[in-house]
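A.B. asks: Make a model of this:
(one chain, ligands or ions: 2)
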Amino acid sequence: MLPAGSYDGTTVLITGGGTGLGRAMAVEFARLGARVGIVSRDPAHHAAGVTAVEQAVDEAAPAGRPKRAVAVGAVADVRDPEQVAAAFDAVESALGPVSVLVNNAAANFPVLAAELSPGGWRAVVDVVLTGSFLCSRELHRRHVARGARPGAILNISAAQAFTGGPGMVHSASAKAGVDAMTKTLAVEWAPDGIRVNGLVPGLFPHQDLPASLRALRERDPDQDATDARRQPAGRVGQPHELGWAATYLCSPFAGFLTGHTLVLDGGNHLRRDFVMPPVVPVAEQLRPRSL
Ligand SMILES: CCC/C=C/C(=O)SCCNC(=O)CCNC(=O)[C@H](O)C(C)(C)COP(=O)([O-])OP(=O)([O-])OC[C@H]1O[C@@H](n2cnc3c(N)ncnc32)[C@H](O)[C@@H]1OP(=O)([O-])[O-]
Ligand SMILES: NC(=O)C1=CN([C@@H]2O[C@H](COP(=O)(O)OP(=O)(O)OC[C@H]3O[C@@H](n4cnc5c(N)ncnc54)[C@H](OP(=O)(O)O)[C@@H]3O)[C@@H](O)[C@H]2O)C=CC1
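C.D. replies: Ligands and ions are numbered 1, 2, ... in the order given. Reported below is the predicted structural model:
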């Protein structure tokens with residue numbers, strides 16, 4: 001954990017910050033003093049994120065300390081540059097200039113590549129890759145215009161980016177693009193005082209995963225135990241652990257770190273056992289069945 005107050009006076013914008021891992025990161029930034037803007041499509045998600053942040057901040061505050069405005073939600077589809085700019089405007093007018101951006105919003109559903117429609121491909125690639133670019137560009141534009149520094153961007157990626165992701169070709173391809181963007185923008189924007197890093201969550205199950213991903217997990221009634229046994233570390237990740245990594249990467253303690261993608265997965269992406277299980281084709285893995 002970073003020292004208390006590490007983010008005092010800092011406004012952090014987190015896309016998809018109202019659910020799952022985005023919400024967990026929002027809470028950890030706010031615990032350290034940040035004001036947090038939550039940007040996504042669904043106001044109900046914003047409300048959940050704002051409530052979680054406010055609760056965490058209230059619990060951490062010394063008794064009797066007056067409440068401060070810590071979080072707001074703003075509606076935007078990250079695929080649309082005008083909506084992105086309007087959401088930055090809304091967050092900045094409520095909380096002050098954004099100097100930290102977490103590109104966390106994502107879309108994903110399991111599908112065989114041969115069965116993926118052009119529209120399904122575009123939906124995922126546009127949310128994950130184009131959305132991360134549009135938000136990064138917006139932060140950079142504002143940051144440079146006001147002569148501010150330092151700034152930090154954190155791109156949430158996935159291990160599929162370097163291993164490939166059978167059954168998720170759209171997401172794997174988009175996340176690989178995000179990793180290339182992390183490295184590219186790190187160099188282009190270092191002179192502007194903006195660091196750009198990536199963070200890969202391993203397996204972090206939570207209640208907000210979309211139905212298509214939950215359905216795969218729910219096939220196994222003992223899924224939690226199975227998940228844990230499948231990880232070299234013997235357990236899955238806890239969302240607040242991702243928040244700890246995110247707050248470090250965007251903080252001055254990582255001030256000389258840029259263009260790096262940190263993997264937080266208990267060693268899972270490196271797993272290549274001496275005795276490998278037989279291959280089950282992905283088409284068979286996705287077919288409805290009982291385990
Ligand atoms: C634990 C594992 C690791 C987790 C990693 C994560 O990333 S977790 C993070 C995961 N979190 C999330 O994913 C949360 C957000 N996710 C979402 O909002 C939706 O999944 C979304 C991506 C479809 C939204 O896209 P949208 O607003 O544009 O909505 P739209 O309805 O207009 O559909 C567009 C196109 O997609 C097609 N299509 C849709 N579903 C399926 C399907 N199951 N099958 C096949 N195709 C599907 C649909 O037919 C259409 O194509 P068409 O007909 O025009 O050719
Ligand atoms: N959970 C896990 O085990 C893993 C997660 N990841 C990555 O972690 C990140 C968080 O995932 P997780 O919390 O699990 O998933 P969630 O489904 O909970 O979060 C996805 C978020 O993205 C937002 N979002 C989706 N589409 C758009 C859009 N078009 N415009 C704006 N916001 C959008 C959603 O908000 P709204 O619906 O309100 O728009 C939602 O809050 C993602 O980048 C994901 O790829 C990577 C590997 C594993």
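
A.B. asks: Tell me the residues on the stretch 51-200 of the chain that lie near ligand 2, please.
C.D. replies: 76-79, 104-108, 127, 131, 156, 158 (C-beta under 6 Å from any ligand atom). C-betas here are computed from N, CA, C, even on glycine.

A.B. asks: Kindly recompute the last result at 5 Å.
C.D. replies: 77-78, 104-107, 127, 156, 158 (C-beta under 5 Å from any ligand atom).

A.B. asks: Adding secondary structure and pLDDT, write those out as CSV.
C.D. replies: Formatted as CSV, these follow (DSSP: H, G, I helix; E, B strand; the rest coil; pLDDT from 0 to 100):
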residue, secondary structure, pLDDT
D77, coil, 98
V78, coil, 98
N104, coil, 98
A105, coil, 98
A106, coil, 98
A107, coil, 97
V127, helix, 98
I156, strand, 99
A158, coil, 98
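
A.B. asks: Which one of the residues you listed is nearest to ligand 1?
C.D. replies: Using C-beta to the nearest ligand atom, A107 comes nearest to ligand 1 of those, at 3.2 Å.

A.B. asks: still on that earlier bit, out of the residues of the stretch 51-200 of the chain next to ligand 2, which are close to ligand 1?
C.D. replies: Contacts with ligand 1 are made by 106-107 out of those, judged by C-beta under 5 Å from any ligand atom.

A.B. asks: Out of the residues of the stretch 51-200 of the chain next to ligand 2, which end up buried?
C.D. replies: 77-78, 104-107, 127, 156, 158 (16 or more other C-beta atoms under 10 Å).

A.B. asks: Of these, which pair is most distant in space?
C.D. replies: Using C-beta to C-beta, the two most remote members of these are D77 and A158, lying 20.8 Å apart.

A.B. asks: All the helices of the stretch 101-250 of the chain, residue numbers only.
C.D. replies: For the stretch 101-250 of the chain, the helices defined by DSSP state H, counting those that start in this stretch cover 118-125, 131-145, 160-163, 169-189, 211-218, 223-230, 239-249.

A.B. asks: Read off the pLDDT value for V275.
C.D. replies: V275 carries a pLDDT value of 89.

A.B. asks: what's the neighbour count on it?
C.D. replies: If you count neighbours by other C-beta atoms under 10 Å, V275 ends up with 4.

A.B. asks: Could you measure from it over to S6?
C.D. replies: Per C-beta to C-beta, to the nearest Å, V275 is found 45 Å from S6.

A.B. asks: again with L139
C.D. replies: 20 Å.
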